[in-house]
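Visitor: What follows is a predicted structure for the sequence shown.
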Amino acid sequence: MSRSGHWPEVARLVDRSQQDAEEFDPETGDPERCLSAGVEPIVELYIDVRKTDGERLTPVEQSLLERALNDWLSLYAACHDAPFHAHFTVHEMAVAYAGNGDLRSTVGELLDV
């Protein structure tokens, strides 16, 4: 498996994200937790990596982040009793967030909730 210099950060974030997502119950959980514990750290890491002049994320790292991102987005949609049939890349989410400036409204617009 190809790894960048960002692998330790990505691995820690994805592991923590996966554990948190597995423990999250959309019927009783706070939707804001999906954003603060899930979507936001993933998007922030992606933006931080993109701002550096060095290495980029590998396709494997990108895929792991995207799976974690979409897990959280599906939980957020479930909190709002909304269907989730999309797949968003971390890049799409970061661009939409940069254009909007507010994570909650960005996610709300993308998920139509």
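Guide: Good, I have the coordinates.
Visitor: Spatially, what comes nearest to the one residue sitting closest to the centre of the chain if we skip its sequence neighbours?
Guide: When CA atoms, centre = their mean is applied to the chain, the residue found nearest the centroid is Leu69 (2.8 Å). Nearest in space to Leu69, with sequence neighbours left out and distances taken as CB to CB, 6 or more residues apart in numbering, is Ile42 at 4.9 Å. Any C-beta I mention is one placed from the backbone N, CA and C, and that applies to glycine too.
Visitor: Need the residues that contact the strand or helix carrying the one you found.
Guide: If you go by DSSP states H and E, Ile42 is part of helix 40-51. With contact meaning CB atoms under 8 Å, 6 or more residues apart in numbering, helix 40-51 is reached by 6, 9-10, 13, 17, 55-57, 65, 68-69, 72, 90-91, 93-94, 97-98, 103.
Visitor: switch the cut-off to 7 Å
Guide: 6, 9, 13, 17, 56-57, 65, 68-69, 90, 93-94, 97, 103 (CB atoms under 7 Å, 6 or more residues apart in numbering).
Visitor: And these, which of them are buried?
Guide: Among the contacts of helix 40-51, those classed as buried by 16 or more other CB atoms under 10 Å are 6, 9, 13, 17, 57, 65, 68-69, 90, 93-94, 97, 103.
Visitor: Need the worst-confidence member of those residues.
Guide: Within the buried ones among the contacts of helix 40-51, His6 has the lowest pLDDT, namely 88.
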